[in-house]
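Enquirer: Any chance you can model this:
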Amino acid sequence: MWKTIYEDTISDAYREVLTVSELCDLIKQSLEENISYVWVEGEVTSFGESGAGHWYFSLKDEKGAQIKAVCFAGVNSQFGFSIKNGMHVLVYGEVSFYKNYGDCQIVVYKLEPYGKGAIHEAIEQLKEKLNSEGLFDESRKKSLPEWVRRVGIVTSLQGAAITDMLKILREKTSFIKITLIPTKVQGNGAAEEIASAIRLANNYNSICPEEERIDVLIVGRGGGSIEDLMAYNSEVVARAIADSKIPIISAVGHERDFTIADLVADHRAPTPTAAAKEIAEIERKLLEKIGDTKKRLLHCIENIKASKENLLQRFRLPFSKFVKDTKQKRNILNFLTAKLRTSVENTLGEKKLLLDNLKRRVSPLVLRNNYQEKKGRFESLKRHLLLKRDFVQRFRALLELRKVSLNAVSPLAILERGYAIVRNQEGKIIKDANQVKKGEQLEIILANGRIICVVKE
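Expert: Alright, predicted model coming up:
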């Protein structure tokens with residue numbers, strides 16, 4: 001029948017003969033130009049793995065249609081899970097024609113579990129892999145700091161999670177600053193964005209001033225289905241959390257949700273709101289500790305003050321006794337002087353008549369010597385009194401010096417100081433007036449709050 005219809009219409013003049021290779025090249029070119037990259041969903045069958053780690057398998061659907069697929073080792077090593085026959089998957093790849101065997105196949109670049117059963121199995125495989133590497137060990141996890149100056153939040157700017165966290169931090173903290181690092185939290189590329197945000201925060205800490213560093217990083221989102229939370233069950237996010245030098249709080253979903261990110265993170269909060277409350281609790285405990293320390297310091301200062309007053313009192317009593325003794329000695333000296341004067345006068349009066357008779361027999365030197373002796377005793381007492389006065393003056397100066405030193409180390413003097421930070425719109429700290437231009441908007445950060453202003457001149 002075929003011969004009858006076509007043998008007269010086909011002639012050698014119109015016959016174009018192709019080789020098998022040329023036909024295969026046409027098929028390959030047509031496929032790659034018209035189909036190229038596609039997403040395909042199907043069940044894994046005929047799965048095999050080469051010695052080099054390449055995966056070879058076929059995808060089939062419920063109608064029995066099949067297509068071969070290959071996933072090379074450099075790609076499948078990044079999935080964090082393996083596949084097996086009967087597993088339902090979603091693949092993304094390039095449709096290609098392998099002319100040596102005349103086969104059409106998909107070169108797979110991405111592969112995801114499809115359906116809850118497959119997703120759970122992939123998650124369990126990744127858990128076993130990461131656990132065997134020690135990423136879940138408590139010994140490698142970092143403790144939350146006792147002092148949080150700045151907290152970073154890695155989440156989406158849409159949704160209730162960020163709103164709830166910011167509300168808690170603004171209402172329950174006074175000094176903690178917030179750095180937002182917005183990312184996707186679900187869908188294609190979400191896991192890579194979250195991992196990139198964690199690395200970005202760590203890179204920022206390595207170059208910024210110490211007082212601007214992020215002390216704690218909250219990584220999380222609100223609740224959702226297991227498909228919605230897949231980014232937090234990915235290997236790339238788990239390894240980014242494990243590599244972070246900043247302590248990380250995982251705050252994913254509701255209390256019933258538990259992801260791989262929770263197992264790797266340094267600390268897990270059941271919800272984003274709970275994570276913000278834990279940060280606020282750190283500040284509350286710090287302020288309470290500062291208050292207790294302040295009370296102990298004031299108590300210590302009062303003890304030192306009382307001790308110095310007791311010491312002063314101990315020196316004051318001997319000084320008072322010295323003053324009293326000096327006064328008594330002065331009275332005795334005055335009494336002796338008066339007595340001496342009276343005695344001399346009486347002696348002179350009584351012996352005046354005998355003096356002339358004794359002038360030749362008694363030398364005036366005797367009287368002079370007696371006078372010099374009394375005078376020497378008087379001068380000695382005078383010098384002793386002057387030495388006591390110098391001692392009192394030196395002790396008073398020492399007390400004044402101790403008082404100045406005590407005031408210098410008082411923490412109350414330090415608390416009277418104030419600081420502020422000025423930054424431009426790019427977040428750069430302004431140190432020189434030449435760094436700003438007229439009309440430029442600046443941010444002034446104070447101990448409590450901030451001020452937005454414009455440069456006039």
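Enquirer: Could you use CA atoms for every contact and neighbour count after this?
Expert: Will do.
Enquirer: can you give me the helices for the stretch 101-250 of the chain?
Expert: Listed in chain order, the helices of the stretch 101-250 of the chain (DSSP state H, counting those that start in this stretch) span 116-132, 160-172, 190-207, 235-243.
Enquirer: Export those helices to a markdown table and append columns for distance to Gln393 and mean neighbour count.
Expert: What follows is those, written out as a markdown table (distance: least, CA to CA, whole Å; neighbours: other CA atoms under 10 Å):
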| stretch | distance to Gln393 | mean neighbour count |
| --- | --- | --- |
| helix 116-132 | 77 | 17 |
| helix 160-172 | 56 | 16 |
| helix 190-207 | 58 | 19 |
| helix 235-243 | 67 | 21 |
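Enquirer: Ser21: which of those helices is closest?
Expert: helix 116-132 (40.1 Å; CA to CA).
Enquirer: For that closest one, give the mean pLDDT please.
Expert: Throughout helix 116-132, pLDDT has a mean value of 79.
Enquirer: Check stretch 369-383 too.
Expert: Per-region confidence: stretch 369-383 scores 81 on mean pLDDT.
Enquirer: Check stretch 421-435 too.
Expert: Averaging pLDDT along stretch 421-435 yields 87.
Enquirer: so how far is it from its chain's centroid?
Expert: Its chain's C-alpha centre and that of stretch 421-435 lie 23 Å apart, by CA atoms, centre = their mean, to the nearest Å.
Enquirer: for stretch 199-216, same thing?
Expert: On the basis of CA atoms, centre = their mean, stretch 199-216 is displaced by 8 Å from the centre of the chain it belongs to.
Enquirer: thinking again about what came up before, the helices of the stretch 101-250 of the chain: which one's closest to Pro318?
Expert: It's helix 160-172; of the helices of the stretch 101-250 of the chain, that one is closest to Pro318 (CA to CA) at 58.4 Å.
Enquirer: Give the other helices and strands that the closest one contacts.
Expert: Taking 3 or more CA pairs under 8 Å, 6 or more residues apart in numbering; DSSP states H and E as the contact definition, the neighbouring helices and strands of helix 160-172 are helix 272-358.
Enquirer: so how far is the helix it packs on off the chain centroid?
Expert: Distance of helix 272-358 from its chain centroid, counting by CA atoms, centre = their mean, is 51 Å.
Enquirer: What is it packed up against?
Expert: Contacts defined by 3+ CA pairs under 8 Å, 6+ apart place helix 272-358 against helix 160-172, strand 216-221, strand 248-252, helix 364-408.
Enquirer: hmm, 7 Å instead?
Expert: For helix 272-358, the elements it packs on are helix 160-172, strand 248-252, judged by 3 or more CA pairs under 7 Å, 6 or more residues apart in numbering; DSSP states H and E.
Enquirer: what's in contact with the shortest one?
Expert: It refers to strand 248-252. 216-223, 261-262, 265-272, 275 (CA atoms under 7 Å, 6 or more residues apart in numbering).
Enquirer: mind redoing it with 8 Å?
Expert: With CA atoms under 8 Å, 6 or more residues apart in numbering as the test, strand 248-252 has contacts from 216-223, 232, 241, 258-259, 261-262, 265-272, 274-275.
Enquirer: Just the buried ones out of those residues, please.
Expert: 216-223, 232, 241, 258-259, 261-262, 265-272, 274-275 (16 or more other CA atoms under 10 Å).
Enquirer: re the thing from before, closest to Glu94 out of the helices of the stretch 101-250 of the chain?
Expert: In this view, these are compared for proximity to Glu94 by CA to CA, and helix 190-207 is the closest at 21.6 Å.
Enquirer: who does that closest one touch, helix- and strand-wise?
Expert: The helices and strands touching helix 190-207, judged by 3+ CA pairs under 8 Å, 6+ apart, are strand 150-155, helix 235-243.
Enquirer: how about the ones you listed in TSV, adding distance to Ile27 and mean pLDDT?
Expert: As requested, the helices and strands packed on helix 190-207 are exported to TSV (distance: least, CA to CA, whole Å; pLDDT from 0 to 100):
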stretch	distance to Ile27	mean pLDDT
strand 150-155	47	94
helix 235-243	38	92
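Enquirer: shouldn't Lys172 be in contact with Glu278?
Expert: No: with contact defined as CA atoms under 8 Å, Lys172 does not count as touching Glu278 (10.4 Å).
Enquirer: Low-confidence regions, the stretch 251-400 of the chain specifically.
Expert: Low-confidence regions of the stretch 251-400 of the chain, defined here as pLDDT under 70, cover residues 255-257, 317, 355-367.
Enquirer: Swap in 90 and give it another go.
Expert: When the per-residue scores of the stretch 251-400 of the chain are filtered using pLDDT under 90, the ranges that remain are 252-260, 262, 270, 282-283, 285-400.
Enquirer: domain ranges for this protein?
Expert: Taking automatic domain parsing as the domain assignment, the ranges for the chain are 16-114, 132-287, 294-414, 421-454.
Enquirer: Could you tell me which strand of the chain is the longest one?
Expert: Among the segments of the chain that qualify as a strand by DSSP state E, the longest is strand 37-49.
Enquirer: which residues are contacting it?
Expert: 55-61, 83-95, 114.
Enquirer: Over to stretch 145-161?
Expert: 162, 175-185, 194, 197-198, 201, 211-222, 272-273, 279, 282-283, 286.
Enquirer: can you rerun that using 6 Å?
Expert: Residues outside stretch 145-161 that contact it (CA atoms under 6 Å, 6 or more residues apart in numbering) are 176-184, 214-222, 272.
Enquirer: hey, C-alpha coordinates of it in PDB?
Expert: Extracted C-alpha coordinates of stretch 145-161, given in PDB (Å, rounded to 0.1, in the frame of the first residue of the first chain):
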ATOM      1  CA  PRO A 145      26.200  36.700  76.300                       C
ATOM      2  CA  GLU A 146      25.400  38.400  79.600                       C
ATOM      3  CA  TRP A 147      25.500  41.800  78.000                       C
ATOM      4  CA  VAL A 148      23.600  42.400  74.700                       C
ATOM      5  CA  ARG A 149      24.200  45.800  73.100                       C
ATOM      6  CA  ARG A 150      22.900  45.000  69.600                       C
ATOM      7  CA  VAL A 151      20.700  42.200  68.400                       C
ATOM      8  CA  GLY A 152      20.500  41.100  64.700                       C
ATOM      9  CA  ILE A 153      17.200  39.700  63.300                       C
ATOM     10  CA  VAL A 154      17.300  37.600  60.100                       C
ATOM     11  CA  THR A 155      13.700  37.200  58.900                       C
ATOM     12  CA  SER A 156      11.200  38.600  56.400                       C
ATOM     13  CA  LEU A 157      10.000  42.200  56.800                       C
ATOM     14  CA  GLN A 158       6.500  41.000  56.000                       C
ATOM     15  CA  GLY A 159       4.400  39.000  58.400                       C
ATOM     16  CA  ALA A 160       3.700  39.000  62.100                       C
ATOM     17  CA  ALA A 161       7.000  37.600  63.300                       C
END
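Enquirer: Flag every buried residue along it.
Expert: 148-157, 161.
Enquirer: Can you get me the start-to-end distance on stretch 200-219?
Expert: Taking CA to CA, to the nearest Å, stretch 200-219 runs 13 Å from one end to the other.
Enquirer: Having no further points to raise, I will conclude here.
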